[in-house]
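Novice: next one to model:
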Amino acid sequence: MPAINKRIQLECILDDMDDAQVEIVQLKMVIGLIIAKLPPEKRQEILQELRSFGLGNSAQEFTQFVVE
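Specialist: Prediction:
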């Protein structure tokens, strides 16, 4: 895929911790869905890499998206 120079502007407006929680859950859902679309071996590589960085809890959460 060729590199494209494009400016992307994203924002997040938080009024309280509930707003932050909603944003975080939405991001986790997006990441989980992207992981689910990968081939099985790539999914496992990502989960193992998360564990190697000390993010075992995140790896455990994302295993919910790995349905075989």
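
Novice: quick check: pLDDT value at Gln60.
Specialist: According to the model's per-residue confidence, Gln60 sits at a pLDDT of 95.

Novice: quick check: it vs Pro40, distance?
Specialist: Shown here: Gln60 relative to Pro40, a distance of 17 Å by CB to CB, to the nearest Å. The way it works is simple: take the backbone N, C-alpha and C, and place the C-beta from them, glycine included.

Novice: buried residues in whatever helix or strand Lys28 lives in?
Specialist: Using DSSP states H and E, the element containing Lys28 is helix 17-37. Judged by neighbour count using 16 or more other CB atoms under 10 Å, the buried positions of helix 17-37 are Gly32, Ile35.

Novice: avg pLDDT for that helix?
Specialist: What helix 17-37 shows for mean pLDDT is 95.

Novice: can you pull the contacts of the most centrally placed residue in the chain?
Specialist: Against the mean C-alpha coordinate of the chain, by CA atoms, centre = their mean, the closest residue is Ile31 at 2.5 Å. Contacts for Ile31 were tallied using CB atoms under 8 Å, 6 or more residues apart in numbering; they are Phe62.

Novice: again, but for Gly56
Specialist: For Gly56, the contacting residues are Leu50, taking CB under 8 Å, 6+ apart as the criterion.

Novice: how near is it to Gln9?
Specialist: For Gly56, the distance to Gln9 equals 34 Å [CB to CB].

Novice: and if you look at Glu45?
Specialist: 31 Å.
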